[in-house]
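**Student:** Make a model of this:
(one chain, ligands or ions: 1)
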Amino acid sequence: MTMTSGTIGTILHHKGASVWTISPQATVFEAIQLLARKNIGALPVVEGDKLIGIFTERDYTRKVALEGKTSHTTKVREILTSEVVAISPNETVEDAMRLMTEKRIRHLPVLEEGRMVGLISIGDMVNWIISAQSAAIDQMEAYLSGR
Ligand code: AMP
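**Tutor:** All right, here's what the predicted structure looks like:
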């Protein structure tokens, strides 16, 4: 198995399926507070149980102060990205890397039959590849030393 042929489902299995989300009615201040508290970079925006967008650190840096807005009076709804790019658990790490590179994004909600079952960040992918690499090196060393 190569480094990037593993599935998104396998990564989620290790990382866990829990996802912090935010409501579109929340203020941008509440959203960045949650990002800071949970030490994360993106929040899927959910209304009822529907995924209606995504809000990331980058939306905050580009769409608030620079647009003359303030985080206490701006709602997440006003600055979210509504065309969400998502991935399915059956797709591979390579598929996810390609999507993130092409679209210049660092977060992908994972959808299974329209339901959000997790979120994968570029950091999760880097961690995955590093551990897959070190496992492969261990195996090759064991093989070469006849263990
Ligand atoms: P990021 O690099 O993930 O912080 O996101 C950069 C920009 O792309 C921000 O405007 C995000 O709202 C948007 N973005 C991030 N992830 C996604 C995604 N999965 N689908 C659509 N837009 C996204």
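
**Student:** Can you give me the distance of V84 to the ligand?
**Tutor:** The gap separating V84 from the ligand is 4 Å, by C-beta to the nearest ligand atom, to the nearest Å. Any C-beta I mention is one placed from the backbone N, CA and C, and that applies to glycine too.

**Student:** now the nearest residue to that residue once chain neighbours are set aside, what's its secondary structure?
**Tutor:** Distance criterion C-beta to C-beta, 6 or more residues apart in numbering; nearest residue to V84, sequence neighbours excluded, is I54 at 5.3 Å. Here I54 is recorded as strand under DSSP: H, G, I helix; E, B strand; the rest coil.

**Student:** and I54, what does it touch?
**Tutor:** I54 is in contact with A42, L43, P44, V45, L80, T81, V84, H107, P109, counting by C-beta atoms under 8 Å, 6 or more residues apart in numbering.

**Student:** Out of those residues, who's the most crowded?
**Tutor:** L43 (28 neighbours; other C-beta atoms under 10 Å).

**Student:** Low-confidence regions, the chain specifically.
**Tutor:** Applying pLDDT under 70 to the chain picks out residues 1-2.

**Student:** Tell me which other helices or strands the biggest helix by length in it touches.
**Tutor:** The longest helix of the chain (DSSP state H) is helix 122-144. Judged by 3 or more C-beta pairs under 8 Å, 6 or more residues apart in numbering; DSSP states H and E, helix 122-144 is in contact with helix 8-15, helix 93-103.

**Student:** So the longest one, near the ligand or not?
**Tutor:** It stands for helix 93-103. No: Helix 93-103 stays clear of the ligand (C-beta under 6 Å from any ligand atom), getting no nearer than 6.8 Å.
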